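> this one's structure only:
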C-alpha cells in the first residue's frame, strides 16, 4: 500500500488553491472547476469543492476544517518559511519552536481552518530520520 494523496474539501476552492500555491510554492493542475491537485515528489495535495463530496454520498458536504489532524511539510529552514508564511496568513498557531522530538515546527491554519505544520529536523536523531 502506498499513500499517494491527501484531499482537502473546501467551500471556496479558488481561495484554498491560491493559498496552497503560495504556501508550498507549487502550481495547481486544475481538472475541473471543483477539483485541483498540487503534486510534490512524495504525495499529491488534492483540493476539492464541497460539490465533489456529493459523489461519495449524501450528508458529506461539510467543510469545517480539522484540528485533529495536521498536514505536514518538511522544509529546508522553518524560520525562513515563517517570514514568508506570515505574509500569507495571520492565522499562526505556533511560531517556530523546537519540539521535544527534534523538529523545529511552525503551525498555522489554511483558510478553512485545517492545521498545517512546516518543520525542519534539527536534532541529530531527527536529521538522521529524514535523510
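Structure received. This structure is a prediction, so every number in the text was calculated from the model and none was measured. Residues are numbered from 1 along each chain as shown.
> make it CA atoms for all contacts and neighbour counts henceforth
Will do.
> show me the shaky parts of this structure.
57-67 (pLDDT under 70).
> can you list the domains in it?
Split into domains by automatic domain parsing, the chain comes to 1-63, 64-131.
> reformat those domains as TSV; add mean neighbour count.
As requested, the domains of the chain are arranged in TSV below (neighbours: other CA atoms under 10 Å):
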stretch	mean neighbour count
domain 1-63	15
domain 64-131	16
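> ok, residues contacting the longest helix along the chain?
Taking DSSP state H as the criterion, the chain has its longest helix at helix 13-24. Contacts to helix 13-24, defined as CA atoms under 8 Å, 6 or more residues apart in numbering, come from residues 10, 26-28, 34-36, 38, 47-49, 85, 88, 110-112.
> out of those residues, which are inside helices?
residue 85.
> nearest to residue 3, of the contacts of helix 13-24?
residue 38 (15.0 Å; CA to CA).
> thanks a lot, see you next time.
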